[in-house]
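[1] Give me the fold of what follows.
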Amino acid sequence: AGSLALATLTACGGGSESNPNELRLWHYESPDSAMGVAWNQAIKEFERTHPGVKVRFEQKGFEQIQKTAQMVLNSKNAPDVMEYNKGNATAGLLSKQGLLDDMSAEVAKRGWDKLLPANVQVTSKYDAKGTMGGDKWFGIPNYAEYLQIYYNKDLFEQHDVKVPTSYAELVTAMDAFVDKGVTPFTNAGAEYMAQQFIYQLALDRADRNWVEAYQRYTSKADLTDPAWTHGATTFADWVKKGYIAKNSVGMKSEDAGVAFMQGKFPMMFSGSWWFGRVNATAKFDWDTMVWPGAKLTAGSGGNLWVVPKGSENKQLAYDFIDITMKKQIQNALGNAGGIPVAADSAAITDAKAKKLIDNFNTLARNNSLAYYPDWPVPAFYDKWVAAGQNLMNGRGAPNTILGEVQQAYDEGAPE
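    The predicted structure is shown next:
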């Protein structure tokens, strides 16, 4: 029945298509990442089940799409389906501006809602103000993600440092490395890594209501409260203590990740999206752990497949999304080191990948996913990058810097 349905859908595209035999696809995952591997397989499967239709794939950069999406989606150059960042400031904003297709009917018809856990669905659905957790579906993630610590077991052993299982032990481990002239954490001040440290350190003092207030405006968020103050002050302190190198203030995440994979740092605190690459390139013995002692940590469903309002091959776009949700692609994603949303866990053979997925499932089950710091309001990402850099450079007291972030938050939050 599946292939018959696909054939009918393909046939009823109708008049105005620029090219009904081509699906234009954009995403920004590297070819050796788990998503890159699985989606490549999905492209082959799509072309196999849609004879005569070619996928025209264009690789984009995360920052590039972040900065140009509005412009592109308003133009004739919009793709038919693309990966886009989730959250109020990104997918929410585009949905509010009417640039994305409301896919609610398609979700119900294809049963995607049955495959996604409730707190993964939050970032797929938006209300009329563009706030996540709304009533209409504007995107579908086919993977999930969270932040974790990647650690180089060889460096821990070589310097005789115990792998931490609590926050206190993490501090002890960092002190031990610093005493031996080793910077414990790789970091990128010019992109997302620095702000994610600040957020995690704040989450260590926060609860679920705090997250909902900040991310979904359920009550007034105070960015100079004790939790945020702890996050910003501790992060600045970590730079002073040498846990994080001060000269990483201008670093990009790519360089920080590569430095970890080259064995230059004992630890990297970053997303599960690095897993496939670390697995493929690290020449040392390594492992991962959830942030020690965390009740909350940054994470969510993955970036979304969105269908631009201007897409002229919407049915083909939905067929492609459907393929990425199928067991064989989900299992491929899991075995390549991604976190599938609908895999068969018995099909995941790699022990490290299994642990990655189990850790995520535990976080999702315990409602421990706190989304990301830059999500609540448009253009907030750059504001957080500047805040992280100011804290690293000691430009102003933590509360003054947080006050500036609060101002941007208040200006951007919906009425």
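[2] nearest spatial neighbour of residue 411, skipping sequence neighbours?
    Nearest residue to residue 411, sequence neighbours excluded (C-beta to C-beta, 6 or more residues apart in numbering): residue 377, at 7.6 Å. Placement of C-beta: from N, CA and C, glycine included.
[3] likewise residue 266?
    residue 155 (4.3 Å).
[4] Surely that neighbour is within a helix?
    Yes: the assignment for residue 155 is a helix, going by DSSP: H, G, I helix; E, B strand; the rest coil.
[5] Report the separation between it and residue 326.
    40 Å (C-beta to C-beta, to the nearest Å).
[6] which of these two has more neighbours?
    Set residue 155 next to residue 326 and count neighbours by other C-beta atoms under 10 Å: residue 155 wins out with 21 against 16.
[7] got the contact list for that one?
    Each residue near residue 155 by C-beta atoms under 8 Å, 6 or more residues apart in numbering is listed here: 161, 182, 263, 265-266, 284.
[8] residue contacts, the residue nearest to residue 411?
    88-89, 408-409, 411-413.
[9] At which residues are the helices of the stretch 201-350 of the chain located?
    208-216, 226-241, 253-261, 275-281, 314-324, 327-335 (DSSP state H, counting those that start in this stretch).
[10] quick one, which of these is packed in tightest?
    Ranked by average neighbour count under the criterion mean count of other C-beta atoms under 10 Å, the helices of the stretch 201-350 of the chain are headed by helix 314-324 at a mean of 24.
[11] Mind listing residues that contact that one?
    6, 9-10, 12-13, 20, 23, 25, 38-39, 42, 45-46, 49-50, 53, 55, 80-81, 101, 103, 106, 110, 112, 140, 142, 305, 307, 311, 329.
[12] Which of those residues are buried, as a ChimeraX select command?
    Per 16 or more other C-beta atoms under 10 Å, the buried members of the contacts of helix 314-324 correspond to this ChimeraX selection:
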select :6,9,10,20,23,25,38,39,42,45,46,49,50,53,55,80,81,101,103,106,110,112,140,142,305,307,311,329
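[13] mind listing which of the contacts of helix 314-324 are in strands?
    Using DSSP state E, the members of the contacts of helix 314-324 that fall in strands are 23, 25, 55, 81, 305.
[14] Only alpha carbons, please: show stretch 284-297 as PDB.
    Extracted in PDB, the C-alpha atoms of stretch 284-297 (Å, rounded to 0.1, in the frame of the first residue of the first chain):
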ATOM      1  CA  PHE A 284      42.000   7.900  21.800                       C
ATOM      2  CA  ASP A 285      39.800   6.000  24.200                       C
ATOM      3  CA  TRP A 286      36.800   8.200  25.000                       C
ATOM      4  CA  ASP A 287      33.300   8.100  26.500                       C
ATOM      5  CA  THR A 288      30.400  10.300  27.400                       C
ATOM      6  CA  MET A 289      28.400  11.300  30.400                       C
ATOM      7  CA  VAL A 290      25.400  13.400  31.300                       C
ATOM      8  CA  TRP A 291      26.500  16.600  33.100                       C
ATOM      9  CA  PRO A 292      27.400  15.200  36.600                       C
ATOM     10  CA  GLY A 293      24.500  15.600  39.100                       C
ATOM     11  CA  ALA A 294      22.200  17.400  36.500                       C
ATOM     12  CA  LYS A 295      18.400  17.200  37.100                       C
ATOM     13  CA  LEU A 296      18.000  19.500  34.000                       C
ATOM     14  CA  THR A 297      20.200  19.800  31.000                       C
END
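[15] Sketch out the low-pLDDT regions of this structure for me.
    1-18 (pLDDT under 70).
[16] which ones are touching residue 255?
    Residue 255 sits in contact with residue 188, where contact means C-beta under 8 Å, 6+ apart.
[17] roughly how far apart are it and residue 160?
    On the measure of C-beta to C-beta, residue 255 and residue 160 end up 29 Å apart.
[18] cool, residue 94 as well?
    From residue 94 over to residue 160 (counting by C-beta to C-beta), the distance is 51 Å.
[19] Now do the contacts for the closest residue to residue 349 other than its chain neighbours.
    Among residues not flanking residue 349 along the chain, residue 335 sits closest, at 6.1 Å (C-beta to C-beta, 6+ apart). Residues near residue 335 by C-beta under 8 Å, 6+ apart: 347-350, 353.
[20] What distance do you get for residue 335 to residue 94?
    Distance from residue 335 to residue 94, by C-beta to C-beta: 32 Å.
[21] picking up where we left off before, quick check, nearest of the ones in strands among the contacts of helix 314-324 to residue 294?
    residue 305 (28.9 Å; C-beta to C-beta).
[22] is the closest one in a bridge, and if so with what?
    For residue 305, the beta-bridge partners under DSSP bridges are residue 83, residue 140.
[23] Perfect, that will be all.
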